[in-house]
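Participant: take this sequence and fold it.
(chains A and B)
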Amino acid sequence: MNKVREMITLKDVSLITCIVQKGVADDIVKAASEVGAQGATIFYARGTGIRERLGILGVAVDVEKEVLNIVVANEQVDLIFEKMFLAGKLDTPGMGFMYVTPLLKAATYIPQEILQKLSTEEC
Amino acid sequence: MEREIKFFKLVQETTFRHIEVSFNNLVRHFDRKDRIRLEAIDVYRLLYPYASIRFKEQLKAVIPLVLYLALFQIFFLRQTIEDSLTITLGIVAVIIGLMLFMEGLIKGLMPFGELLGNKLPQKSRLPTIMIITFLLGVGVTYAEPAIGALKTAGSNVNINKAPYLYFMLNQYGDILPIAVGIGVGAAALIGTLRFLKNWSLKMLIYITLIPTIGLTILSILNENLISTIGLAWDCGAVTTGPVTVPLVISLGIGVASASSRGSSSLSGFGIVTLASLFPIIAVLLFANGIYYFAPIDINNLANIAGQQVNSESSLLDKTPYLEILLGFRATVPLILFLLIVLRFVIKERLKNANYITYGIVLLILGMIIFNIGLTYGLSNLGNQSGGLVPAAFSRLDNIDNSPLYKYSIGVMIALLFAFCLGFGATLAEPALNSLGITVENLTNGVFKKSMLMYSVSFGVGLGIMLGILKITFDLPLHYLLIPLYAAGVLLTILSSEEYVNVAWDSAGVTTGPVTVPLVLAMGLGFGNALGVTEGFGILSLASICPIISVLAMGLIIKFIVSRKTSRDIENIKNNIVKETA
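Facilitator: Have a look, this model is predicted:
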């Protein structure tokens, strides 16, 4: 009496990756979720980059980084990308780096009500 | 013609400029060696979060204590705070000084410590390592910010009542830190050997306590030296601060892991304990040494004190020159020593030399500013409130209608004040939090972090309370210390090795660079107001009480756990019996 299990594959998804100094990620996640990001994965890393070229001001840049991964819908990419850029103050040297990658597909749990709504819309 | 634009696009176009550039083109024009030109706004945006996080960290450590003292003085003692402007500026200097110092420590000194810990065991033989460990112990003591508080405290001692104490803090004021340093050096050496040879800390504690107590008794029997006991026992608490603990431990752990014996979850513990016991021996030996080899002419005290006053007019004794001198003297020898070891023993070059230079500059600058703040802010405030608290129960000339309360109530208020001060200051100490986490992991969650934090804080509060009690009734310090240490030893015998490690180390962790000067100055001010010989001893009581409270807590936990397991076994047995029936 096994229940038939189903997997719903999502299309039109993109991944925003943002590398910032340790401790900054939470602010960026907050800004991103305000404009529709569903969630974020943060991991710790170490990296080099512009810090070595800032001279003595490089001390103000932490070598320890946080890397944020946020999966967003293609429609939302531009908006969320810009919000994150502003929240992280990435227009200041040494503050970080971010990029968008297109994803082929994604899958996770999707609530039944939403699926039903979607199917009625499509009819 | 109809056109659709998304609203956010419109908003962005007006506030935000988009330019697309090919990374190919960018790479062609980039040279990794180029310096980046920064505009003022960029510098501000870079530095503001960097500085503000570190400033807030120190602010959180200092402000609650200061506020507590100030509010107590205003509401319970109904006195305004004198020189409030000077004290406020002093406190600001303490915060800024500590902020610079801690950042300098991380950027400037810790890389040395790590390199030393990793490379020294590979490149040198054991005797060399031991010598370097010992010298490092001496050097770090000199660089400890709280050690400057001893010198400030020295000027408050009455030369006629306690000549030897006065001389040790003033005439021999430069040698005292060396004596303390030798104690810490020896502790670092033996602590590192302990890692290598897997010695039990219990044994070491017993062996160390024998000469400590012995010398104390020797000094008790000598009426000239009796006043130095408080100082000696307090020195143990002064030494274990933010410089000593990480640097010495990182070397010890490096040595232990290089010999592949550092796998024990307890490595790193123990050095702090020894570093708070050995200086007591060193200072007591120093006091006895002065007495036997360079006795002070007691009849000629007035003359000597007069000379002291005359020589104080030199330029180097004035603020800020004195503080600058002290700041350099505290840090430069340690840094030079580390550089020499690096260059000639390890033969390694430092990576990122410019960041380390920056760190060292911050370290020295922080030390100087902290010393200035210490004199004008912390010591001043501590001395003042310490001097006013006795007004709660006794008659002071400088305060109208004192005593403010009935004697018994007044004493109760003073003791409660002391307990809350110790309890609050310890609970706020960041080092205690990290110790709590370590302990929780070590005991598989049986000894909860909050439980450790409360029992240590309770111990320190009790210790400071006992210290105030000692000064109020002018009790000899050894009447309190010896029974307390006896209780500590008894509990140590009963406890298991892990709890012993944790408990004895927790005492050293609690005495940070803010608490020490404040408590020291408060005790001396309190003592002076009551006219007792000396106000030392509070810190030493604040060290032993948490040891006892943590050990007792450990035993209680063990008892509860074992009773629970035996009850569980009993239940299971009963169930089996029932089932078979």
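Participant: which residues are in contact with residue B:492?
Facilitator: B:202, B:205-206, B:500, B:503-504, B:551 (C-beta atoms under 8 Å, 6 or more residues apart in numbering or on different chains). Quick note: C-beta positions are derived from backbone N, CA and C, even for glycine.
Participant: how far away is residue B:428 from chain A?
Facilitator: Distance, residue B:428 to chain A, using C-beta to the nearest C-beta, to the nearest Å: 21 Å.
Participant: could you give the number of residues near that residue?
Facilitator: Other residues near residue B:428 come to 19 when the count uses other C-beta atoms under 10 Å in any protein chain shown.
Participant: same question for residue B:333.
Facilitator: 15.
Participant: what about it, which helix or strand?
Facilitator: Under the criterion DSSP states H and E, the helix or strand holding residue B:333 is helix B:321-340.
Participant: for that helix, packing partners?
Facilitator: Under the contact criterion of 3 or more C-beta pairs under 8 Å, 6 or more residues apart in numbering or on different chains; DSSP states H and E, helix B:321-340 touches helix B:126-143, helix B:148-154, helix B:353-373.
Participant: quick check: the nearest residue to residue B:60 once chain neighbours are set aside vs residue B:106, distance?
Facilitator: Of all residues not flanking residue B:60 in the chain, residue B:428 sits nearest, at 7.4 Å (C-beta to C-beta, 6 or more residues apart in numbering or on different chains). Noted for residue B:428: a distance of 21 Å to residue B:106, by C-beta to C-beta, to the nearest Å.
Participant: ok, residue B:483 next?
Facilitator: Taking C-beta to C-beta, one finds residue B:483 at 41 Å from residue B:106.
Participant: more neighbours: these two, which one.
Facilitator: The neighbour comparison of residue B:483 against residue B:106 (other C-beta under 10 Å) goes to residue B:106, with 15 against 11.
Participant: what pLDDT does the model give that one?
Facilitator: We have a pLDDT of 84 for residue B:106.
Participant: before we move on, the earlier item: just want the angle from the helix holding residue B:333 to helix B:353-373.
Facilitator: 150 degrees (axes from the mean of the first three to the mean of the last three C-alpha atoms, to 10 degrees).
Participant: what mean pLDDT would you report for helix B:321-340?
Facilitator: 83.
Participant: and it, how far out from the chain middle?
Facilitator: Centroid separation between helix B:321-340 and its chain, computed with C-alpha atoms, centre = their mean, to the nearest Å, is 19 Å.
Participant: tell me the angle that helix makes with helix B:126-143.
Facilitator: Computed by the same axes, to 10 degrees, the angle separating helix B:321-340 from helix B:126-143 equals 160 degrees.
Participant: which positions within helix B:321-340 qualify as buried?
Facilitator: B:322-324, B:326-327, B:330-331, B:334-335, B:337-338 (16 or more other C-beta atoms under 10 Å in any protein chain shown).
Participant: ok, now stretch B:163-178?
Facilitator: Neighbour counts using 16+ other C-beta under 10 Å place B:163-172, B:176-178 of stretch B:163-178 among the buried residues.
Participant: quick one: residues contacting the residue lying closest to residue B:97 once chain neighbours are set aside.
Facilitator: Nearest non-adjacent residue to residue B:97, counting by C-beta to C-beta, 6+ apart: residue B:370, 3.0 Å away. Contacts for residue B:370 (C-beta under 8 Å, 6+ apart) come out as B:93-94, B:97-98, B:101, B:145, B:148, B:513.
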